[in-house]
Every structure is written in structure tokens, then in C-alpha cells.
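# sequence first, then the predicted structure, then my questions.
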Amino acid sequence: MTQPTQAGAPPPGETSAQIVAIAATQDMAAFEALFRDFGPRIRAYLLKLTRDRQAAEDLMQETMLAIWRKAGQFDPARGQASAWIFTIARNIWIDAWRKQKRPTFDHDDPALVPDPEPDAPERMVLSQSGAALHEALKTLPPEQVELIRLSFFDDASHSTIAAQTGLPIGTVKSRIRLAFGRLRTALEEFK
Amino acid sequence: MTQIRHHIGEDLLIEYAAGTLSEGWSLAVACHLAMCPQCRQQLALAEATAGAMLEELQPADGPSGSWDALKARLDAEPEPKAKPIARPASATLPEPLRSYLGGDVESLKWRNLGNARQILIETDDETTQTRLLCIAAGKPVPEHSHGGRELTLVLTGSFHDELDSFGPGDVEDADGSVTHQPIAGPEADCICLAVTDAPLKFSSRLVRLIQPILGI
């Protein structure tokens, strides 16, 4: 039986610790806890993208398997656990559902231009506190949050969003840019 | 390292973060990201935002045997082992471009086009055309305009046109309205990655046959 899912997000830091435990000792209890917290949310994300319950379930399972296999690649210093989980689910969706390629850079490529200020305050905010991001999102006007959400959760290019909302493509792009600009400004205040 | 002045558009970066950007454009975005710590930071913010929104999503219930099914697959799974990745000690062109080309600058097989040389890069993306261009130092490429959008990422050297100048890591984002004549900087040959909207592909054989006559 599936336990009733909780509406609240897991406490900050807990997910990160679970992934680290999975990598270190193949901790099955930590993995099950992670599944209870994130499985239904990953399923919800994939359901929004595919609009197909079976596909959402299958892709969620693939995502959880990939989290298990790749746990050792997760670096808590580089970012939030939820961001890492999002990228894994997204990549599974692109690969297994859309059958497309998504070329990526390699963090350890000798040709990669390194970050001159890896310890700059805005980087610290991003990696240390997911709470700051949730707070920053609350300060945005709802329609801007909605546009960002549509960009991520609706299998919609910006031109599709423009068609759906009846807004000109230029307006959609500038509003999304504005929304991220405000998000950055709000995050600055949490430094 | 000279400062990058022309970054990838935020619209492309967010579509790349969302996973809705097609392969051709994604290749240009990924190469710019390899060369631009500032845009990598923007990508991290976009992905962190998506992660925060994932946490706030209303959970969707699945079949009751979901965990048991997953657990059974895990039990059948061999212990995860890390595969070592072979990397050269130094490189000129960034990943993922080297993988697409099958090597770095010294191993490339160029096709001559007068003042420029080019290599067509194969992708599975039928909506874009991707190529590597090398413009001889100090030489112009013939004046041209664009049928659609064209992203040009400078990898080595530099070029300038009537409007602006572009160095390593810079991206020129040109739409159909731009007519320009890029000239490579005198200091070195300029190697660029160029991605454009591909010409229309017609499924009808008849239309494909007369396409050259119609000039489309």
C-alpha cells in the first residue's frame, strides 16, 4: 500500500543527506524515504509533461532508478538536492519520452573556463539555502511565478506559451526575463 | 581570458533548463556555458527554481505497488560502479563539441569555401543546421542575410561586422532582419559554431522535387 502522501515539502537538508547516504552505503531506508517524499512529486511533474498516467509512472520509476545509480555524482556543495532531482527527471523525460538529445558541458573538461569567484555570495545562497529560494518566489507577482512554472512544467517552448496565453512571443520572453530578474534581486536580500 | 560581452539569451537558457530546447540550439548553449561561468550561474538559478517548484507541486498518487515494483528492480540491479571518463590534459574546443566532431581542432577535416572553411555537424535535430566555420584571419565572409534565427558562438579568434565585435565565448544572436558581413580579426583564424533554422523539410516527394525551382 502507498502511504498517504504529505502535501508539505521535506525539511531542508534532509533530501541532501538521504542522497549522500544512498551513495555512501546504498542505504535502502534513506532511498525509501526519498521515494515517499519525492516520488509523487516527480510523478506529478512527469504527468504534467506527458499527460499520460502510465508514462508518468514509468518515467518516475526510471528517474528513481537513476537517482539510485547516480547518487555518488551528487555534490551538496554544488546545489540543492531538489534541483539535482529535477535535472534527472528532466533528462529521463527528454531521453525516454521525447527521444531527443540534450548536449551538456562537462564540469571537469580541461577546456571549461573556470569560475573566477566560486565563493561569491550569490553562489552560497543557491547552494546553502533552499528556503531562501522559496521565500524569494513568494515575493514575485503570481503571474510571473505562473510563467516560470509554465516554462518548466508544461512541455511548452516560449512560442507555445505565447500561443496559449494569447501574448506576443516578445512579451512572454520579456516577462520571463523580468521574473528571473526579480528572483535574483529577491535572493540578493537573503545574502 | 577576455570578458564575455555577448551572452546566450535568457530565453534560450531557460528553455535549455526546462529541456524544451532542441538539440541544435542546445549544442550552442552548452558550448557557451562551458566558456561562461556567469551563464552557468544563471542555469544553476533556473534549475534551483525548477527544483523548488518541484517541491511545491501537489503530489500525484500512483499505483499501490509502485514502491514494491521499484524495490524489485533495485534488488535485481548489480551494485553501481563508477565508470571512469577519459579526458585529455588540455583542449581547445570545449565539450560537448569535441564529442560531436570526434576530436579537437588539430584533427578536423575542413571543406574549403574561399575565405572560410566549414564542417557540417550531424545532429538528430531536423529543425536546425549546425556547422563549424573557420574564417581566415583578417578576411571577410560574403555578405549575407538570414532566413531565420542564427546563433554564432566564437570559439577561437574574433570577428566583427558593421554592428559589433565578438571574441571567444561571445554569441551573436541574429534574426532574419540582419544583413551583415563578418570579418575575422587580424590576430588569428576565427573558429565559430553556427546554428541556424534548417530549410523547410517537405514530406511530399513532388514538393521536394520542385523545391529548387521554387527556390525554397
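All right, it came through fine. No experiment lies behind these values; they were computed from the predicted model shown. Numbers count the residues shown, from 1 in each chain, chains lettered A, B, ... in the order given.

# from now on I want contacts and neighbour counts done on CA atoms only, so please keep to that.
Will do.

# so which elements touch the helix or strand harbouring B:T130?
Per DSSP states H and E: B:T130 is located in strand B:128-135. Using 3 or more Cα pairs under 8 Å, 6 or more residues apart in numbering or on different chains; DSSP states H and E as the contact definition, the elements that strand B:128-135 packs against are helix B:23-35, strand B:116-121, strand B:190-197.

# return the most buried member of those.
Ranked by average neighbour count under the criterion mean count of other Cα atoms under 10 Å in any protein chain shown, the helices and strands packed on strand B:128-135 are headed by helix B:23-35 at a mean of 25.

# residues near B:Q129, how many?
Counted by other Cα atoms under 10 Å in any protein chain shown, the residues lying close to B:Q129 total 19.

# wait, it touches B:T152, no?
No: taking Cα atoms under 8 Å as the contact criterion, B:Q129 and B:T152 are not neighbours in contact, 11.9 Å apart.

# which residues sit in contact with B:F159?
Neighbour list for B:F159: B:165-167, B:182-185, B:190 [criterion: Cα atoms under 8 Å, 6 or more residues apart in numbering or on different chains].

# so what sits opposite B:L193 in the bridge?
Applying DSSP bridges to B:L193 gives these bridge partners: B:L132, B:L153.

# find me the pLDDT at it, would you?
The predicted local confidence for B:L193 comes out at a pLDDT of 97.

# and it, how far is that from chain A?
In this structure, B:L193 lies at 14 Å from chain A, with Cα to the nearest Cα, to the nearest Å as the measure.

# number of residues surrounding whatever residue of chain A ends up closest to chain B?
Taking Cα to the nearest Cα as the measure, the point where chain A comes nearest chain B is A:A83, at 4.0 Å. Counted with other Cα under 10 Å, residues neighbouring A:A83 total 23.

# now do A:I94
Counted with other Cα under 10 Å, A:I94 comes out at 19.

# please apply the same query to the one 4 residues further on.
Residues near A:R98, counting by other Cα under 10 Å, number 13.

# what does B:A89 give?
A total of 8 residues lie near B:A89 under the criterion other Cα under 10 Å.

# dump the residue contacts of it.
B:A89 makes contacts with A:P110, as judged by Cα under 8 Å, 6+ apart.

# looking at this, it is in a helix?
No: counting by DSSP: H, G, I helix; E, B strand; the rest coil, B:A89 is not part of a helix but coil.

# distance between the ends of stretch B:112-124?
Terminal residues of stretch B:112-124 are spaced 25 Å apart (Cα to Cα, to the nearest Å).

# now stretch A:163-171
Distance across stretch A:163-171, first residue to last, is 12 Å (Cα to Cα).

# in chain B, which residue is most central in space?
For chain B, B:A28 is the residue whose C-alpha lies nearest the centre (Cα atoms, centre = their mean; 1.7 Å).

# from B:V171, how far off is that one?
When B:A28 is compared with B:V171 (using Cα to Cα), they lie 9 Å apart.

# please apply the same query to B:C36.
According to Cα to Cα, B:C36 stands 11 Å off from B:V171.

# repeat that for B:L27.
If you measure B:L27 against B:V171 using Cα to Cα, the figure is 13 Å.

# now swap in B:I183 and tell me
Distance from B:I183 to B:V171, by Cα to Cα: 15 Å.
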